[in-house]
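Enquirer: Make a model of this:
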Amino acid sequence: MLGIVPVAAVSAAWPGVAAAVRPDGGAVLIRDVRIFDGRRMLDGRRSVLIRDGVIAAIGDRGLVGDGMKVVDGRGGTLLPGLIESHVHTFEGSSADALRFGVTTELEMFGEPGQLAVAKQRRRSRKRVTAADLWSAGNGVTVPGGHPVNPGYEFPRVLPETDLDRFVADRLQEGSDYLKFVYEPGDPPDRPLPSLSLEQVTATIRAAHRRGRLAVGHVEKLKLYVEAVLAGADGIVHVPYNAVASAAEVETIRQTGSFAVPTLSVVDWGLGAKSLLADDRITPWLSPTQQYLLSQEPPDRPGRPDFLGIASANVRRFHAAGIPVLAGADAPVRANVSGASLFTELEHLVRAGLTPAEALTAATAAPARHFRLTDRGRITPGRRADLVLTTDDPTQDITNLRTLHTIWKNGHQVDRTPPPEEES
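Expert: Residues are numbered from 1 along each chain as shown. Predicted coordinates:
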């Protein structure tokens, strides 16, 4: 049985587990655990030494150190902190994410005012109470186009806009990468204005000239192919309207682009219901998470089987070797930061990834494709963002729900959710 608990309240939920350490920093030795390093399960049981916020050493079970906190991890599985590749943040959401082992979030549209603080926080190795954040900041879209009701005003592209200057301005605001919207006719029953293909191409080239990634919001198959042929580094959805042919899959593969399927967006609340019914999840949900998961996503009679179509595309993309990254697009359609990544990974496994491949899609793969060189793997020198589970999620992806302990920058995370605000 694991010999560490995040807060006293967990002791009742985990009979027989003794509180070996308090949630504070310093050198920590996690001893005798199975290790999924972000790409594969290492042989046997190992020990991991954390010092000064980074992984200092990985050794056999005999690795010891004087004067440090020791975590008895027998029976547990240690993974890199999770990286979610499609979120939209708001006040409190990154703290919600961290309580569920998401130590890094990649935002795909958001207010740039928070980005200076986010950049400072992610450089620190001090104790933090929220996931690190990289963000596209303000996306590249047109007046009246998606997103329709973002909740704040931001610059949009006009026919006469100098896109090179527009991209430079977004980077000056703090954007880490660029996200463009190429979706004329989205949603299907209400056509919206969109960037033209020429504007998409100009946006991508302007980002690449400055050494930045350009990713796209694209949901239709024909437009998806056009966007990756124009040079998009990745698309943060998969097509929902049609299953790609072998020729289309091969065209996409040859571009070297990645996909973030966001299957949770089109599961119409199935994932949310499973989270609310799971007592391994509900004790750690914030009031905001509980509220969002309880929402009923709007349905449309006669709608296509978006989840089935998108899952078929994931299966084909993955089989062809197109990189798949994991993100749930929280808080869209009854999805929440942190916990909904669990159901997204479960969707990916049902779509054809192995549990280990799905875990890679939330650890090493996003770190590689978004150039996050200090995280995503359990190797010496990487940031000590770590997740310990009671059961092995490489054997059954739902075992990720047995999340037991989280370390961020080498500090144990207090998983106590915030209290409900008084009315």
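
Enquirer: what's the closest non-adjacent residue to Arg212?
Expert: Nearest residue to Arg212 in three dimensions, chain neighbours excluded: Tyr177, at 5.3 Å (CB to CB, 6 or more residues apart in numbering). For the C-beta atoms, the positions are set from N, CA and C on the backbone; glycine is no exception.

Enquirer: Next: Thr360.
Expert: Nearest residue to Thr360, sequence neighbours excluded (CB to CB, 6+ apart): Arg39, at 5.8 Å.

Enquirer: Looks to me like that neighbour is in a strand.
Expert: No. The assignment for Arg39 (DSSP: H, G, I helix; E, B strand; the rest coil) gives coil, which keeps it out of a strand.

Enquirer: was I right about it contacting Arg368?
Expert: No. Here Arg39 does not reach Arg368: they are 9.8 Å apart, not a contact under CB atoms under 8 Å.

Enquirer: check contacts around Thr251.
Expert: 225, 228-229 (CB atoms under 8 Å, 6 or more residues apart in numbering).

Enquirer: Mind doing that once more with 6 Å?
Expert: In this structure, Thr251 makes contact with Val225, judged by CB atoms under 6 Å, 6 or more residues apart in numbering.

Enquirer: how deep is the residue nearest to Arg212 tucked in, by neighbour count?
Expert: For Tyr177, the count of nearby residues is 22 (other CB atoms under 10 Å).

Enquirer: so who does it touch?
Expert: With contacts defined as CB under 6 Å, 6+ apart, Tyr177 is in contact with 136, 212-213.

Enquirer: Could you export those residues as JSON lines, including pLDDT and secondary structure?
Expert: Written out in JSON lines, the entries for the contacts of Tyr177 read as follows (pLDDT from 0 to 100; DSSP: H, G, I helix; E, B strand; the rest coil):
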{"residue": "Ala136", "pLDDT": "98", "secondary structure": "coil"}
{"residue": "Arg212", "pLDDT": "98", "secondary structure": "coil"}
{"residue": "Leu213", "pLDDT": "98", "secondary structure": "coil"}
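
Enquirer: Of those - the most surrounded one?
Expert: Taking other CB under 10 Å as the neighbour criterion, Ala136 ranks highest of the contacts of Tyr177 with 27 neighbours.

Enquirer: Now it. Nearest residue, chain neighbours left out?
Expert: Leaving aside its chain neighbours, Ala136 sits nearest to Lys179 (3.8 Å; criterion: CB to CB, 6+ apart).

Enquirer: all helices for the stretch 1-150 of the chain, in order.
Expert: Chain-ordered helices for the stretch 1-150 of the chain, with DSSP state H, counting those that start in this stretch as the definition, fall at 10-13, 93-98, 115-123.

Enquirer: Can you show me the CA trace of the second one as PDB?
Expert: So the one you mean is helix 93-98. Only the C-alpha atoms of helix 93-98 are listed here, as PDB (Å, rounded to 0.1, in the frame of the first residue of the first chain):
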ATOM      1  CA  SER A  93      -9.600  26.500 -13.500                       C
ATOM      2  CA  SER A  94      -5.800  25.900 -13.400                       C
ATOM      3  CA  ALA A  95      -6.000  25.000  -9.700                       C
ATOM      4  CA  ASP A  96      -8.800  22.600 -10.600                       C
ATOM      5  CA  ALA A  97      -6.500  21.100 -13.200                       C
ATOM      6  CA  LEU A  98      -3.600  20.600 -10.800                       C
END
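
Enquirer: Give the residue spans of this structure that score low on pLDDT.
Expert: Low-confidence regions of the chain, defined here as pLDDT under 70, cover residues 1-26, 61-66, 185-190, 298-302, 422-423.

Enquirer: Can you give me the domain boundaries for it?
Expert: Described in terms of automatic domain parsing, the domain architecture of the chain consists of the residue ranges 1-80+376-416, 82-373.

Enquirer: Stretch 234-242: which residues count as buried?
Expert: Within stretch 234-242, the residues scored as buried using 16 or more other CB atoms under 10 Å are 234-241.

Enquirer: Of those residues, which is the nearest to Leu325?
Expert: For those, the minimum distance to Leu325 (CB to CB) is 7.4 Å, reached by Gly234.

Enquirer: these two touch, right, Ala230 and Thr201?
Expert: Yes. Counting by CB atoms under 6 Å, Ala230 sits close enough to Thr201 to count as a contact (4.5 Å).

Enquirer: For Leu98, give me its contacts.
Expert: Applying CB under 6 Å, 6+ apart, we find Leu98 in contact with 130-131, 413.
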